[in-house]
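Chemist: Build the 3D model from these lines:
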Amino acid sequence: MTGKFMAYVLSVFTFFYMVLIGISFFMYMTVSERVNDICYDAAETVSTRGILSEEVFSYIKGNLSCYGEYEIELVLETTNDNNQSFFYCGKEEILGKKLSKGDRLIISAVGENPSLFEKITGADMKIETVKVAIIN
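Modeler: Numbers count the residues shown, from 1 in each chain. Below is the predicted model of the structure:
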């Protein structure tokens, strides 16, 4: 009798654990997809406007803060008439700078805190995305 009871309790705990893993995985995927969409929207805006404005950067920062703490990195690659490449890194060097046709702006966002799914399973699956805006 005790064995049946223990098996019942163990199966109930296993069931709830699997349900918790499933729910947390879908939450992880939803947040990951939303972070990807936010960076895509920003990259598309920069590629059509030709400038990374304070408004676009605050859009990225504000919307990503809704989903946790993210480190945002910006890298700009420009070329001159002699086909020499120049790289600019960081918000201070890129923000408000007029971009010319063919320049590439790389926007990356990396989550700093582990998600619930990572905490439950012990997996190392940080939410991160990289988008490249090529100026038209």
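Chemist: just checking, next helix/strand downstream of the biggest helix by length in the chain?
Modeler: For the chain, the longest helix by residue count, based on DSSP state H, is helix 2-49. As assigned by DSSP states H and E, the chain's next helix or strand after helix 2-49 is helix 54-65.
Chemist: Return the list of helices and strands in contact with the next helix-or-strand element following that following helix.
Modeler: Sequence-wise, the next helix or strand downstream of helix 54-65 (DSSP H and E) is strand 70-79. The contact analysis (3 or more Cβ pairs under 8 Å, 6 or more residues apart in numbering; DSSP states H and E) places strand 70-79 against helix 54-65, strand 85-89, helix 91-94, strand 104-111. Yep, even glycine has a C-beta here, placed from its N, CA and C like the rest.
Chemist: Now do the same for the second one: mean pLDDT, whole number.
Modeler: Strand 85-89 shows a mean pLDDT of 88.
Chemist: got it, and the last one?
Modeler: The average pLDDT within strand 104-111 is 94.
Chemist: Please enumerate residues in contact with that strand?
Modeler: Applying Cβ atoms under 8 Å, 6 or more residues apart in numbering, the external contacts of strand 104-111 come out as 35, 38-39, 42-43, 46-47, 52, 60, 64, 68-77, 94, 99, 126-135.
Chemist: Show me what the next helix or strand after it packs onto, helices and strands only.
Modeler: Next helix or strand after strand 104-111 toward the C-terminus (DSSP H and E): helix 116-121. Counting contacts by 3+ Cβ pairs under 8 Å, 6+ apart, helix 116-121 packs against helix 2-49.
Chemist: pLDDT of the helix it packs on, averaged?
Modeler: pLDDT averaged over helix 2-49 gives 94.
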